[in-house]
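Peer 1: I would like to see how this sequence folds:
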Amino acid sequence: MVRIQQRQGRHFMDEEGRVFWINGPEGFCYLSEQRQWRSGLTFQEVLKWKQCAPSGLVSQRFCSIKEACEAFEHNTVQWSLDLYLRQMGDQMALHRSGSDYKPTAMKLAEASGGRFEPAPWAGRPQAPLSCPLPAEPSHPRRRRRSLKEPVH
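Peer 2: Next up is the predicted model:
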């Protein structure tokens, strides 16, 4: 059984540090798992700086937010993969993972004379968004052909 550690509105973090959103209207809502790409941020910083995006995993529909949270904590959620949501999440992650990223609301507030707020990850070394690809794809049956060999 996994417990919800922190919750703010329709967002929550479980005891393993995973973030989830509760989407849809109150009487017909579902859970959506969110990916995070920066380590060391608090739950509040993840939400404020929009440092998560949909992974594509979504739950079945629930009759209430309370029912969705209880199903999550009792491990009775049925997960499925929404490929469109996954693709949208990939695009969001690519856009938001830049070292100079700021949510639009923060940019507008600063432009109108609001307080400048440095990103919580500024000055920290960051891991790349995804694993680097190998120089050549490996395949067990792939053979290299020398340019000196004639091609028939």
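
Peer 1: all contacts plus neighbour counts: C-alpha atoms, from now on.
Peer 2: Will do.

Peer 1: looking at the chain, which helix or strand is least sure?
Peer 2: Ranking every helix and strand in the chain by mean pLDDT, DSSP states H and E puts helix 104-111 at the bottom, with a mean of 93.

Peer 1: measure residue 116 to residue 106 for me?
Peer 2: 8 Å (C-alpha to C-alpha, to the nearest Å).

Peer 1: With residue 30 instead?
Peer 2: 29 Å.

Peer 1: More neighbours: which of those two?
Peer 2: residue 30 (23 against 16; other C-alpha atoms under 10 Å).

Peer 1: May I have the beta-bridge partners of that one?
Peer 2: Beta bridges link residue 30 to residue 23 when assigned by DSSP bridges.

Peer 1: Okay, now the unreliable bits of this protein?
Peer 2: Residue ranges of the chain with pLDDT under 70: 124-152.

Peer 1: for it, what spans make up the strands?
Peer 2: With DSSP state E as the criterion, the chain has strands at 4-8, 11-14, 19-23, 30-36, 52-58, 80-81.

Peer 1: tell me the angle of the fourth one relative to strand 52-58?
Peer 2: What separates the directions of strand 30-36 and strand 52-58 is an angle of 140 degrees, with axes from the mean of the first three to the mean of the last three C-alpha atoms, to 10 degrees.

Peer 1: What residues sit buried inside the least confident helix or strand of the chain?
Peer 2: residue 106 (16 or more other C-alpha atoms under 10 Å).

Peer 1: For it, give me every contacting residue.
Peer 2: Applying C-alpha atoms under 8 Å, 6 or more residues apart in numbering, the external contacts of helix 104-111 come out as 115, 116.

Peer 1: Now do it: distance to the chain's middle.
Peer 2: Relative to its parent chain, helix 104-111 has a centroid offset of 23 Å by C-alpha atoms, centre = their mean, to the nearest Å.

Peer 1: quick revisit: identify whichever of the strands of the chain lies nearest to residue 100.
Peer 2: strand 52-58 (15.6 Å; C-alpha to C-alpha).

Peer 1: in its sheet, what does the closest one sit against?
Peer 2: Looking at strand 52-58 with DSSP bridges, its partner strands are strand 30-36 (antiparallel), strand 80-81 (antiparallel).

Peer 1: Check those for me and report the most buried one.
Peer 2: strand 30-36 (a mean of 22; mean count of other C-alpha atoms under 10 Å).

Peer 1: tell me the angle of that strand relative to strand 19-23?
Peer 2: 150 degrees.
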